[in-house]
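Student: Need coordinates for the below:
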Amino acid sequence: MDFSELTLGEKLVGGGAIVLLIGTFLPWYGGSYNTAYGSGGSSASLWDGGGIWAFLILLGCVVAAGLIVLRMLGVFDISDQGVQEPVAVLGAAGLAALITVWKVLSIPSGGGSGSFGEFGSYSYGRQWGLWIAVAGAVVLVVGAFMKFQEER
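Tutor: Numbers count the residues shown, from 1 in each chain. Modelled structure (predicted):
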């Protein structure tokens with residue numbers, strides 16, 4: 001496969017899909033506490049608590065990038081099945097991005113902190129892995145949209 005044959009949109013789809021997939025394994029949500037008796041914290045990736053959503057993001061990324069790779073390898077071209085490749089790639093990328101955005105917005109109260117009175121404090125919220133996934137989703141959708149525009 002010759003990567004120089006890929007358009008900029010197709011390269012962005014591949015890169016965005018990889019970054020978004022990696023991002024699903026990084027910490028999305030987390031919390032910490034600090035008391036007179038000790039402190040601690042934990043974090044969770046999307047796979048820890050939202051397996052079905054992580055799977056749907058995985059599916060969207062694999063379909064979006066996979067259709068391009070399979071066509072480049074000469075294995076399968078979805079256009080032969082009556083479906084325009086740019087439309088299928090944009091739909092799959094859109095699915096992955098919509099779920100990512102929904103998960104950003106779905107954390108209760110957007111995060112926060114509080115106190116146990118004189119005994120200590122706690123905080124919870126979004127973690128850095130979520131923002132990496134969001135960046136990957138943006139690149140994925142921008143690439144898919146560019147591919148859609150290039151093919152028109």
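
Student: my read: L8 touches Q149, true?
Tutor: No. Judged on C-beta atoms under 8 Å, L8 makes no contact with Q149 at a distance of 10.7 Å. Heads up, the C-betas are built off the backbone N, CA and C, glycines and all.

Student: quick one, phi psi at P27?
Tutor: phi -60, psi 120 (degrees, to the nearest 10).

Student: Compute the number of surrounding residues for G82.
Tutor: Counted with other C-beta atoms under 10 Å, residues neighbouring G82 total 6.

Student: State the distance from it to G9.
Tutor: Counting by C-beta to C-beta, to the nearest Å, the separation of G82 from G9 is 22 Å.

Student: And V69, how close does it get to C61?
Tutor: Distance, V69 to C61, by C-beta to C-beta: 12 Å.

Student: swap in E118?
Tutor: Distance of E118 to C61, given as C-beta to C-beta: 48 Å.

Student: In terms of neighbours, single out the busier of these two.
Tutor: Of the pair E118 and C61, C61 is the one with more neighbours under other C-beta under 10 Å, namely 27 against 7.

Student: quick check, the more buried one in a helix?
Tutor: Yes. In this structure, C61 lies within a helix as judged by DSSP: H, G, I helix; E, B strand; the rest coil.
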